[in-house]
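J.: need a 3D model of the following:
(one chain, ligands or ions: 1)
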Amino acid sequence: MKEISFRTKIFIGENSLDRLMKITSEKVFIVTDPFIEQSGIMKEVTNRLENKDNDYFIFSDIVPDPPIETVAAGVKAIQEFGPGIMIAIGGGSAIDAAKAMKDFSIKLSSQQQAMKFIAIPTTSGTGTEVTSFSVITDEVNQVKHPLVADSLLPDEAILDTTLVKSVPASVTADTGMDVLTHAIEAYVSTNANDFSDAFAEKAVQLIFDYLPRCYKDGNDLEAREKVHHASCLAGMAFNMVGLGVNHSIAHVCGAQFHIPHGRMNALLLTTVIEYNAEIQGFFTGGQSFAAKKYAQLAKIVGFPATNSRIGVNSLIQHINQLKKELHLPVNLRACGITKEKLLASIGKISEAALIDGCTPTNPRKPTTKDIESIVEKIL
Ligand code: NAD
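T.: You can find the predicted model right below:
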């Protein structure tokens, strides 16, 4: 038996940020990064809180891939301020850090009081506004830890397209590929079901149709909205059924080599698809579960897929074409990682990726050797 539930209320469309005007007489703790605080985006939030007898505090020390120390500083600030509501506004880094801060501060408090949590993503990538995940970085050991708990699920998510207009093209490309990786990994997860497939299929279709438009013109609001929705849909898919070894490796390599999360996922995606599909020679029958699912996905989004082999290959070709359009690096070398640097840490990477929380739902059970071979292929 499997339970499917969606706890987060999602607000979309024009003026969705006005949802914040419902907040009255509250102490509001806002978590964000320095860019969002200094840009006009923060004013969009505070303008809606002022004149409603609210008191707010802005914690804006978030850096990409937030470290444990930042979470600890946020917990201390929460304990001092004593908020009734938290608003996390920013990319995945700000929202994930806020989720962890909220969870730890409630656990440390003797009152265990409920604190409402509103997530407002300003990138279209992680889907964290609807997931029970929070990825926190251990900078000393250079590893990212995905925390997973129902208590990390936001109560509300506000998807306001105007907030993502300012995302630079390179971040649009990285985060968009994160969406595609979420959807594809959820689609071939060992837990995948008709419900998660529906979300994943739509997300993949929207990414292929609209991500290149967002990349070329950040002010294309129709495309921005579609990709913002795709990010949330993919988040709903993987929150239901988990991810796979693409994310496991990305968590370790991203922290080790300081490569943005979405870009790291993009570097791995087609190699992981090849690994999971296990397409052998020219034989087209009796293919793996993953090969069949990749081919089904290719067919649904309109790529050639007369059999599993053709479907897997056309999905890979279209992903490579998309990466080219987004000017994404083709390999680790193009990100400045040398062979020596990779070999020095490959053992640690494969061991950490094998025990990452995303590995158990991968369609093919990897060994450390398999993971090493995937990583060597993307050098
Ligand atoms: P990010 O939050 O690190 O932001 C990337 C950059 O974009 C930052 O410099 C930020 O200031 C800037 N930015 C954000 N919004 C902007 C805007 N509107 N205009 C201009 N610049 C803007 O990047 P991300 O990809 O959104 O999040 C990555 C983090 O999320 C990683 O730590 C990753 O591991 C984690 N993650 C979490 C989940 C989850 O379910 N919790 C899923 C995937 C990834």
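
J.: enumerate the residues of the protein near the ligand.
T.: 33, 35, 64-65, 90-94, 96, 122-123, 125-128, 131, 133-135, 144, 163-164, 166-167, 171, 175, 178, 261-262 (CB under 6 Å from any ligand atom). Placement of C-beta: from N, CA and C, glycine included.

J.: for residue 303, give its distance to residue 296.
T.: 11 Å (CB to CB, to the nearest Å).

J.: where do the contact lists of the two overlap?
T.: Common contacts of residue 303 and residue 296 (CB atoms under 8 Å, 6 or more residues apart in numbering): residue 311.

J.: burial measure for residue 173, as a count.
T.: Neighbours of residue 173 under the rule other CB atoms under 10 Å: 25.

J.: ok, it to residue 328 distance?
T.: Plainly put, residue 173 is 6 Å away from residue 328 if you go by CB to CB.

J.: give me the common contacts of the two.
T.: 263, 266.

J.: all helices of this structure, in order?
T.: 34-38, 40-49, 68-81, 92-108, 169-187, 194-216, 221-241, 245-257, 261-277, 289-300, 308-325, 339-354, 368-377 (DSSP state H).

J.: figure out which of those is closest to residue 362.
T.: Closest to residue 362 of the helices of the chain is helix 245-257 (CB to CB; 4.3 Å).

J.: that closest one packs against which elements?
T.: strand 133-138, strand 143-148, helix 169-187, helix 261-277, helix 339-354, helix 368-377 (3 or more CB pairs under 8 Å, 6 or more residues apart in numbering; DSSP states H and E).

J.: relative to the helix or strand bottoming out on mean pLDDT in the chain, what are the paired strands and their orientations?
T.: Lowest mean confidence among the helices and strands of the chain (mean pLDDT, DSSP states H and E): strand 143-148, at a mean of 89. Paired with strand 143-148 in the same sheet, following DSSP bridges, are strand 133-138 (antiparallel).

J.: the strand it pairs with versus helix 92-108: what angle between them?
T.: Here the directions of strand 133-138 and helix 92-108 differ by 90 degrees (axes from the mean of the first three to the mean of the last three CA atoms, to 10 degrees).

J.: got the contact list for strand 133-138?
T.: 65-68, 71, 92, 96-97, 99-100, 103, 128, 143-148, 152, 239, 251, 255, 261.

J.: mark which of those residues are buried, thanks.
T.: For these, a neighbour count by 16 or more other CB atoms under 10 Å gives the buried set as 65-67, 71, 92, 96-97, 99-100, 103, 128, 143-147, 152, 239, 251, 255, 261.

J.: give the contact list for the spatially most central residue of the chain.
T.: Centre of the chain computed as the mean C-alpha position; nearest residue by CA atoms, centre = their mean is residue 126, 2.2 Å away. Residue 126 makes contacts with 91-92, 95-96, 175, 178, 231, 235, 261, as judged by CB under 8 Å, 6+ apart.

J.: again, 10 Å this time
T.: Listed by CB atoms under 10 Å, 6 or more residues apart in numbering, the contact set of residue 126 reads 91-93, 95-96, 133, 135, 175, 178-179, 182, 231-232, 234-235, 261-262.

J.: the residue lying closest to residue 378 once chain neighbours are set aside: neighbour count?
T.: Excluding the flanking residues, the one nearest residue 378 by CB to CB, 6 or more residues apart in numbering is residue 267, at 5.1 Å. By the criterion of other CB under 10 Å, residue 267 has 29 neighbours.

J.: point out where the stretch 1-150 of the chain drops to low pLDDT.
T.: For the stretch 1-150 of the chain, the stretches with pLDDT under 70 are 111-113.

J.: my guess is residue 26 meets residue 56, correct?
T.: Yes: between residue 26 and residue 56 a contact is recorded at 8.5 Å, counting by CB atoms under 10 Å.

J.: now list whatever residues contact both of those two.
T.: Common neighbours of residue 26 and residue 56 (CB under 10 Å, 6+ apart) are 49, 83, 85.

J.: who's in contact with the closest residue to the second one other than its chain neighbours?
T.: Of all residues not flanking residue 83 in the chain, residue 29 sits nearest, at 3.7 Å (CB to CB, 6+ apart). Counting by CB under 10 Å, 6+ apart, residue 29 touches 55-59, 74, 77-78, 81-88, 98, 101-102, 105, 115, 117.

J.: for ChimeraX, what selects the buried ones among those?
T.: Command for ChimeraX that selects the buried part of these, burial taken from 16+ other CB under 10 Å:
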select :56,58,59,74,77,78,83,84,85,86,87,88,98,101,102,105,115,117
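
J.: against residue 4, how distant is the residue nearest to residue 378?
T.: 32 Å.

J.: now swap in residue 153 and tell me
T.: Residue 153 is 14 Å from residue 4, by CB to CB.

J.: the two: which is more packed in?
T.: residue 153 (20 against 10).

J.: which residues touch that one?
T.: Applying CB under 10 Å, 6+ apart, we find residue 153 in contact with 5-8, 99, 117, 119, 129-133, 239.

J.: for residue 122, give me phi and psi.
T.: Backbone torsions for residue 122, taken as degrees, to the nearest 10, come to phi -110, psi 0.

J.: read off the pLDDT value for the residue lying closest to it once chain neighbours are set aside.
T.: Nearest non-adjacent residue to residue 122, counting by CB to CB, 6+ apart: residue 163, 4.7 Å away. pLDDT for residue 163: 97.

J.: filter the residues of the chain next to the ligand to the buried ones?
T.: Among the residues of the chain next to the ligand, those buried by neighbour count (16+ other CB under 10 Å) are 33, 35, 65, 90-94, 96, 122-123, 125-128, 131, 133-135, 144, 163-164, 167, 171, 175, 178, 261-262.
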